[in-house]
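A.B. asks: Please work out how this folds:
(2 chains, ligands or ions: 2)
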Amino acid sequence: MTAFLESLLRALPGSAAQGLIWGIMAIGVYVTYRMLDYADLTVDGSIATGGAVCVMLILGGVNPWFALVAAFAAGAIAGLVTGLLHAVFGIPPILSGILSQLALYSVNMRILGKSNQAVSVDKYSLILSSRENMHAVLICAVAIAVLIGILYWFFGTEMGSAIRATGSNPNMSRSQGINTNRMKILGLSISNGLVGLSGGLLAQYSGAADVKMGQGAIVIGLAAVIIGQVIFGKLFRNTAIKFLSVVFGAILYYIVISIVVRLGLSPTDLKMFSAILVALFLALPSIKESIKSAKMMRQGKNA
Amino acid sequence: MLEIKNLTKTFYKGTVNERTALDNISLSLKDGDFVTVIGGNGAGKSTLLNAIAGVWQPCSGSIKLGGKELVGLPEHKRAKYLGRVFQDPMMGTAPDMMIEENLAIAARRGKCRNLKWMIGKIEREDYRELLKILELGLEDRLSSKVGLLSGGQRQALTLLMAAMKTPKLLMLDEHTAALDPKTAAKVLELSDMIIQENSLTALMVTHNMKEAIKHGNRLIMMDSGKIVLDIEGDEKKALTVEELIARFTAKSGESFAGDRALLG
Ligand SMILES: Nc1ncnc2c1ncn2[C@@H]1O[C@H](COP(=O)(O)OP(=O)(O)OP(=O)(O)O)[C@@H](O)[C@H]1O
Ligand SMILES: [Mg+2]
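C.D. replies: Numbering: from 1, shown residues only, chains lettered A, B, ... in the order given. Ligands and ions are numbered 1, 2, ... in the order given. Got it, this is the predicted structure:
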């Protein structure tokens, strides 16, 4: 038992670092899924695009910080394409995301030249690495603080509020003069930009970019959003803190994952576990509701 | 002010479900006209307002507002000139946003939305003052989510939002139909007040003949996508429900017996 706890404790910084990196992606998912009411599946592709762009630029001698900016831009372009497919050509949200995701696989393959590209922390001055988890945690925490600050400001501006209004009630938004199509495109770009940025960080952290690195990313993002909301949602109402609760959700997710892996769950079963976890958290409100009504029934009978 | 010419809208054209909701309608409103619109279910009242608002483009015809052609403009571009309260209380506000945020969004109708922070102290005070005229206590709940409000409270808020940036045309679509009688009367009174104070040009759809007669300076009745009655001035002032029914029956050859709602 103590050995188990010890190993868990040793893994904690790693889980925290991964949780923080995926937390940035989860903030992106939050922007589309919660704010824009748009189930965007571009994510699985755009995270790898961010990673691929970042790694190739670093290999080409570009500064790793600047490579991150480029990763954001690349992700944002992917989101832009999804937005155009939906807004200009009227393709339904889910399908437009799937199409982008599919196309991005080829794009990412082109960028990387092969399915996996390594970037060694020994040869390049990467911003963070899995070899120094504490340092990675620190960098990511600062990055997230800055990002949340910027997003909090942005979604409080006239433009950011127009995006939120579009997600909340597109009819009302149009009747108040908001170009809802443009707002959806903008929201998708910002969201996938964040996802690309997280892909760039993830690639530097793990020392490689892989075309498959985004597989199932949307599930992790949704898990973070939903866990964050279920556990911390009641506590906070402020937008900035909601972003933060999404990040906590991601960290919690990684801690749970590292526990079950240590308990002997095989990595190939992990996806099943993730799916069950997300389904469980999604079902929680309705489970609570039926428990409540069952209780009421019993009380009614006894009375 | 508003000049509608030969406006036609057919839904599902060329299919078995084809339905002409607006049938070659022409209507002209003067500056400051307050027109009540009545007609049975499916007469095309909401469709007329949707056509003006630009929810979709009509099949043919023209809609000019203050000399400017609206047909061809997308909905969000027409919003600059129009204020609108919907038949459905859920439709006019953003439920996930606060009361003050909804007002702030309405305050920027027709303006470019840029990277300025939306709500400051001064603005918040303005909204508080504005909400007081509703007498619903909303001025103390500025940061409540609109989704937590009742239908009547929402409709009152939507009315305020529609009139906030003085529109060239205010369109009210049975905006009190879903409310309890007391709230309905209050919202209606408020609409009257807002229209009068700002000398707005307005179209108000209602199912209630008494209401239609009592309010406004002109009354039109729609049936099967056409305007079948148009009564204004002293003639409108002297109008009674019985006379209105008689005139409709004479015009359309139908009787009102089946249309319970219209008699309201
Ligand atoms: N978007 C739409 N698509 C298809 N048919 C529509 C659409 N909007 C309206 N219609 C049809 O047009 C006709 C007129 O509808 P409209 O909503 O204008 O009636 P209304 O006069 O507002 O009735 P009510 O008093 O019930 O609100 C109806 O037959 C309706 O089915
Ligand atoms: Mg209607």
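A.B. asks: Grab the most central residue of chain B for me.
C.D. replies: For chain B, the residue nearest the mean C-alpha position is B:Leu172 (1.8 Å; C-alpha atoms, centre = their mean).
A.B. asks: Can you name the residues that contact that residue?
C.D. replies: By C-beta atoms under 8 Å, 6 or more residues apart in numbering or on different chains, B:Leu172 lies in contact with B:Arg84, B:Val85, B:Leu159, B:Ser191, B:Ala202, B:Leu203, B:Met204, B:Val205. C-beta coordinates here come from the backbone N, C-alpha and C atoms, glycine included.
A.B. asks: Would you double-check that the third one falls in a helix?
C.D. replies: The one in question is B:Leu159. Yes - looking at B:Leu159 with DSSP: H, G, I helix; E, B strand; the rest coil, it is inside a helix.
A.B. asks: Kindly provide the distance from it to chain A.
C.D. replies: For B:Leu159, the distance to chain A equals 13 Å [C-beta to the nearest C-beta, to the nearest Å].
A.B. asks: give me phi/psi at the spatially closest residue to that residue that is not a sequence neighbour?
C.D. replies: The shortest distance from B:Leu159 to any residue other than its chain neighbours is 5.3 Å, reached at B:Val85 (C-beta to C-beta, 6 or more residues apart in numbering or on different chains). Main-chain dihedrals, B:Val85, degrees, to the nearest 10: phi -120, psi 130.
A.B. asks: Three-state assignment for residue 26, please.
C.D. replies: All of this refers to chain A. Applying three-state DSSP to A:Ala26 yields a three-state assignment of helix.
A.B. asks: ah, I was thinking of chain B
C.D. replies: Here B:Ser26 is recorded as strand under three-state DSSP.
A.B. asks: thought it was touching B:Asn6?
C.D. replies: Yes - counting by C-beta atoms under 8 Å, B:Asn6 is a contact partner of B:Ser26 at 6.0 Å.
A.B. asks: quick one: secondary structure of A:Ser258?
C.D. replies: Here A:Ser258 is recorded as helix under three-state DSSP.
A.B. asks: Could you check how far it is from B:Met118?
C.D. replies: Remark: distance between A:Ser258 and B:Met118 (C-beta to C-beta, to the nearest Å) = 41 Å.
A.B. asks: Same question for A:Lys242.
C.D. replies: Distance from A:Lys242 to B:Met118, counting by C-beta to C-beta: 17 Å.
A.B. asks: quick revisit: out of the contacts of B:Leu172, who's the most crowded?
C.D. replies: Using other C-beta atoms under 10 Å in any protein chain shown as the neighbour test, the contacts of B:Leu172 are led by B:Val85, with 30 neighbours.
A.B. asks: residues contacting it?
C.D. replies: Contacts of B:Val85 were listed using C-beta under 8 Å, 6+ apart, and they are B:Gly92, B:Gln155, B:Thr158, B:Leu159, B:Ala162, B:Met171, B:Leu172, B:Asp173, B:His175.
A.B. asks: nearest spatial neighbour of the residue of the stretch 101-250 of chain A found nearest ligand 1, skipping sequence neighbours?
C.D. replies: As assessed by C-beta to the nearest ligand atom, ligand 1 sits closest to A:Asn171 within the stretch 101-250 of chain A, at 12.3 Å. Leaving aside its chain neighbours, A:Asn171 sits nearest to B:Met91 (5.2 Å; criterion: C-beta to C-beta, 6+ apart).
A.B. asks: which SS class is that neighbour?
C.D. replies: Secondary structure state of B:Met91, per three-state DSSP, is coil.
A.B. asks: picking that back up, and the residue of the stretch 101-250 of chain A closest to ligand 1, that one's in a helix?
C.D. replies: Yes - assigned with three-state DSSP, A:Asn171 falls within a helix.
A.B. asks: count of residues packed around it?
C.D. replies: Per other C-beta under 10 Å, the neighbour tally for A:Asn171 reads 17.
A.B. asks: what packs against the longest helix belonging to chain A?
C.D. replies: Assignment by DSSP state H gives helix A:270-302 as the longest helix of chain A. Under the contact criterion of 3 or more C-beta pairs under 8 Å, 6 or more residues apart in numbering or on different chains; DSSP states H and E, helix A:270-302 touches helix A:217-232, helix A:239-262.
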